[in-house]
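Build me a structure from this.
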Amino acid sequence: MKTLAKLSLMALAALSLMLAACSKDQMSSPTGPEGTPPKSSLQKAGATTMGILEPPTSVTDVGMFKGIRYNKYKGRFAGQNSQGLAYSVPYEITAPANLAQGIGRLIVEPPHFSSGLLAREGFLGPEFLFGHGFVHTSVGYSHFRRRILDPNPGFEVLVNGQPAPSPPPPPAPPLWEPYTDREIIADFARALRQNPYGLVGSIQKVYSMGFSDSGEAVRRILEAEYGQDLFDLWFPGTTASFNPIEGRGRVIIFNSEADFQPVNAVSPSYRRYVTAGCPHIPDTEITRQQFPGPFPPPIAGTTPLNWNPFMRALFVAGDAWVTRGQEPPPSTVLALTPSGEIARDEKGNALGGIRHPALELGEAHFIASQNINGWPLFGGYDQVSAIGDEGFFADFNAYKAAFDNAAKALVDAGFLLKDDEKDLTKNAKLMRPYTITQNYQAGRFVP
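Numbers count the residues shown, from 1 in each chain. Take a look at the predicted model:
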């Protein structure tokens, strides 16, 4: 487990290598004595911070999603943190133009420092989010690259009372902590519950979601004092494991094998899920745009195991947990040996966890983290089996039936949505007599 425990540090090192118009009246905010922001009516009892969400300075029509037209609003969120340090940061709200078409659930997503809004633009995606009527929001909270959301919003940006440092520190996240204030996210979430300017409608539930760097922000807020009574559902993905903190709402911790660290503590308000064989960053249409090479290396062709469909199903399960009291699937993590290592089969694949049909059927040895010229965040695979190989399937029909059964078992367990089941099984049948892993290897589909 020492290797896995070091992955987050390896990720920081790798990511560090990777980083070698509004009127004055609109943008000004009321001030209290000596220019400090006044205590806002949006401040919740017991909250440690205060802030004012100013009227939007721009509105953009972002399109129609299953009959629901969405607008994106941009503006400034300003105030001060619990240390009395000022912030002035950009925000975005994407909501139904006709709020009556929304479902009363809002997501707050911290921006990832290199990839921006991963849930909105990729892992959940606009069609999924907005087609289901969710409101999506985000706010800048750090001067570290895209964590600020928009570096040129048309007003002076302040975090911890400071503008962006010049010259900037080296591009390693820990060195940017003095220029980072996660309290801003908590304050923003409290402000949104008040439906400022009628932008988000009547909100019954507020969720927070992030992955990797932004998942770490969600985790850090959850663990902080100012995270109390904040979100109805927390969904930190592909970040460090942690022990439950009671009284913070319902929590779904979603990790790949590459991110897995065993935690013994359990809680009825927590669920933990780990996808066997899956990497920190999966090969998808979105990640191919983000990682074309040469460094970080190109992600295309690294592994057919994509955890995205499993994450979507668990987000839906989390939503049902919060809104209807419907219990999500039991926590499902990797099996361990008596010495605490990940237990593996004869091919080297992890045992336990959420299992992609290709892994369950033993199509290959799936590697959750391989070091590619110093970059450890992509997966890999080898030992690919073919129809007719000894110990594998004798014919394609037997393989196809077993694959379909494995996919259906994931649906029945609550780990896969029906639409994603159709896509998954389709890719297993693209060309006889080849498996889904061989079809991926030949470049016939992107996971």
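
For the rest of this, base every contact and every neighbour count on C-alpha atoms.
OK.

What separation do you get for the closest residue to Phe291 other than its chain neighbours and Leu85?
Sequence neighbours aside, Pro298 is the residue nearest to Phe291 in space, at 5.3 Å (criterion: Cα to Cα, 6 or more residues apart in numbering). For Pro298, the distance to Leu85 equals 41 Å [Cα to Cα, to the nearest Å].

Can you classify Val206 by secondary structure?
Using DSSP: H, G, I helix; E, B strand; the rest coil, the structure places Val206 in strand.

give me phi/psi at the closest residue to it other than its chain neighbours?
Nearest residue to Val206, sequence neighbours excluded (Cα to Cα, 6+ apart): Leu106, at 4.9 Å. Note on Leu106: backbone dihedrals following degrees, to the nearest 10 are phi -130, psi 140.

Tell me, how many residues neighbour Leu106?
As a burial measure, Leu106 scores 28 neighbours (other Cα atoms under 10 Å).

quick one: contacts for it?
By Cα atoms under 8 Å, 6 or more residues apart in numbering, Leu106 lies in contact with 134-137, 200, 203, 205-207.

Tell me which stretches of the stretch 51-200 of the chain form strands.
For the stretch 51-200 of the chain, the strands defined by DSSP state E, counting those that start in this stretch cover 58-65, 68-80, 86-96, 105-108, 135-139.

The shortest one pairs with which strands?
Each strand pairing with strand 105-108, determined using DSSP bridges, is listed with its direction: strand 135-139 (parallel), strand 205-211 (parallel).

just checking, next helix/strand downstream of the longest one?
In other words, strand 205-211. Following strand 205-211 in sequence order, the next helix or strand is helix 213-223 (DSSP states H and E).

got the angle for that following helix vs strand 205-211?
Angle of helix 213-223 versus strand 205-211, following axes from the mean of the first three to the mean of the last three Cα atoms, to 10 degrees, is 130 degrees.

Please produce JSON lines containing the contacts of Leu106, extended by distance to Asn308, pLDDT and neighbour count.
Formatted as JSON lines, these follow (distance: Cα to Cα, whole Å; pLDDT from 0 to 100; neighbours: other Cα atoms under 10 Å):
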{"residue": "Phe134", "distance to Asn308": "19", "pLDDT": "97", "neighbour count": "21"}
{"residue": "Val135", "distance to Asn308": "20", "pLDDT": "98", "neighbour count": "25"}
{"residue": "His136", "distance to Asn308": "19", "pLDDT": "98", "neighbour count": "25"}
{"residue": "Thr137", "distance to Asn308": "21", "pLDDT": "98", "neighbour count": "26"}
{"residue": "Val200", "distance to Asn308": "27", "pLDDT": "95", "neighbour count": "26"}
{"residue": "Ile203", "distance to Asn308": "27", "pLDDT": "94", "neighbour count": "16"}
{"residue": "Lys205", "distance to Asn308": "23", "pLDDT": "97", "neighbour count": "17"}
{"residue": "Val206", "distance to Asn308": "22", "pLDDT": "97", "neighbour count": "22"}
{"residue": "Tyr207", "distance to Asn308": "18", "pLDDT": "98", "neighbour count": "23"}
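
Mind picking the one among the residues you listed that's closest to His280?
Tyr207 (22.6 Å; Cα to Cα).

and that closest one, what is it in contact with?
105-108, 231-235 are the contacts of Tyr207 under Cα under 8 Å, 6+ apart.

Could you export those to JSON lines, including columns for pLDDT?
Shown next, in JSON lines, are the contacts of Tyr207 (pLDDT from 0 to 100):
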{"residue": "Arg105", "pLDDT": "97"}
{"residue": "Leu106", "pLDDT": "97"}
{"residue": "Ile107", "pLDDT": "98"}
{"residue": "Val108", "pLDDT": "98"}
{"residue": "Phe231", "pLDDT": "97"}
{"residue": "Asp232", "pLDDT": "97"}
{"residue": "Leu233", "pLDDT": "98"}
{"residue": "Trp234", "pLDDT": "98"}
{"residue": "Phe235", "pLDDT": "98"}
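
Now, of those residues, which are buried?
The neighbour count (16 or more other Cα atoms under 10 Å) marks 105-108, 231-235 as buried among the contacts of Tyr207.

Adding distance to Lys66, write those out as a markdown table.
Listed next are these as a markdown table, based on distance: Cα to Cα, whole Å:
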| residue | distance to Lys66 |
| --- | --- |
| Arg105 | 17 |
| Leu106 | 18 |
| Ile107 | 19 |
| Val108 | 22 |
| Phe231 | 27 |
| Asp232 | 26 |
| Leu233 | 25 |
| Trp234 | 26 |
| Phe235 | 25 |
